[in-house]
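In: curious how this folds, go ahead:
(one chain, ligands or ions: 1)
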Amino acid sequence: MADIPLSVRGLDKHFGGLAAVQNVDLDLRPGVTTALVGPNGAGKTTVFNLITGNIPADAGDVLLDGASVRGLQPYQIARRGVARSFQDLRLFGRMSVRDNVLAALEPAPWLWQPGGGGARRARAKAVETALERTGLTAQADARAMDLAYAERKFLSLARILATGARIWLLDEPASGLDPNSRARFVALVRQAVSEGVTICLIEHNLDIVTELADRIAFLDRGAKLAEGEPQEILGDPQLISIYFGEPR
Ligand SMILES: Nc1ncnc2c1ncn2[C@@H]1O[C@H](COP(=O)(O)OP(=O)(O)OP(=O)(O)O)[C@@H](O)[C@H]1O
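Out: Have a look, this model is predicted:
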């Protein structure tokens, strides 16, 4: 298990009487993009929240390189290389695009501290590279709130890119994107995967899922009903009828 960057074992979460996540297992491997697919309320975002330590699990475990992260705070899990995006993006609207990216990074030492100059230069470089790769260089000084919706989504990706995280959890990253931005998004994810990043995404757009995912984990009412290659899962009439909410 030590060679699997992120494993989830027997994860459970109840909200009162509601079983939001039930006994979910998941392995995320480098170079393999996994999509969490399922109807609204299936528990997908809750799985992300449990992985990142945003909410505590009732039972089960999350392992990074085989070691449990149980009880760690979200910032401690982030330091181990796990980054996520949120459906509501969570940007600092009045701050510049560049400062939004900078704020996603660990603070650097002061200039007068040992290594301070080098660390600050490395941070600035990481920010500029992330802006370039997301096509935001020209808007670096604009306020985040003044960006178009698609650009705000790319800014949330730039924040992840700049951290150098090796595991990305993306919550509906392509929702609301126009076809051109969608193509940019797909290219960006593919490049990251080719560089060894492990990606798990929650996505309702099945075209994006088909384009990007190597595996699909299908959730319904908190439980993982199936996992396999996209063709297999999306070709299963029973799963598709669950996905589109047909009466059972
Ligand atoms: N903090 C919370 N308190 C109470 N119930 C919650 C909480 N967070 C999620 N839930 C409930 O848990 C269930 C799973 O929610 P979750 O957001 O994980 O689903 P999802 O698959 O991501 O849905 P969607 O595709 O609509 O985003 C839902 O019924 C939701 O209402």
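
In: can you list contacts of stretch 232-242?
Out: 37-39, 206, 209-210, 216, 218, 220, 225-227, 248 (C-beta atoms under 8 Å, 6 or more residues apart in numbering). Just so you know, the C-beta spots here come from the backbone N, C-alpha and C atoms, and that holds for glycine as well.

In: let's go with 7 Å and repeat that
Out: Where contact means C-beta atoms under 7 Å, 6 or more residues apart in numbering, the residues beyond stretch 232-242 that reach it are P39, L206, T210, I216, F218, D220, L225, A226.

In: surely the first one meets Y243?
Out: Yes. Applying C-beta atoms under 7 Å as the test, P39 and Y243 come out as touching, 5.7 Å apart.

In: distance from the chain centre to the lowest-mean-pLDDT helix or strand in the chain, please.
Out: For the chain, using mean pLDDT, DSSP states H and E, the weakest element among its helices and strands is helix 116-133, scoring a mean of 88. Its chain's C-alpha centre and that of helix 116-133 lie 22 Å apart, by C-alpha atoms, centre = their mean, to the nearest Å.

In: and that helix, what does it pack onto?
Out: If you count contacts as 3 or more C-beta pairs under 7 Å, 6 or more residues apart in numbering; DSSP states H and E, helix 116-133 packs onto helix 97-103, helix 149-163.

In: let me see the contact set for G71.
Out: Contacts of G71 by C-beta under 7 Å, 6+ apart: none found.

In: and it, which of the three is it?
Out: coil (DSSP: H, G, I helix; E, B strand; the rest coil).

In: A42 now?
Out: Once three-state DSSP is applied, A42 turns out coil.

In: for the most centrally placed residue in the chain, which non-adjacent residue is closest in space?
Out: The centroid of the chain falls nearest to L169 when counting by C-alpha atoms, centre = their mean (1.7 Å). Excluding the flanking residues, the one nearest L169 by C-beta to C-beta, 6 or more residues apart in numbering is R84, at 4.0 Å.

In: now do the contacts for that neighbour.
Out: Contacts of R84 (C-beta under 7 Å, 6+ apart): F48, T52, L169, D171.

In: of those, which pair is most distant in space?
Out: Farthest apart among the contacts of R84 by C-beta to C-beta are T52 and D171. That separation is 10.5 Å.

In: picking that back up, of P39 and Y243, who's got more company?
Out: Y243 (19 against 15; other C-beta atoms under 10 Å).

In: let me see the contact set for the more buried one.
Out: V37, G38, P39.

In: could you find the closest non-adjacent residue to the second one?
Out: Right, G38. Per C-beta to C-beta, 6+ apart, closest to G38 is L219, 3.7 Å.

In: now do the SS call for that neighbour.
Out: Per three-state DSSP, L219 ends up strand.

In: look at it and say how many residues are nearby.
Out: Counted with other C-beta under 10 Å, L219 comes out at 27.
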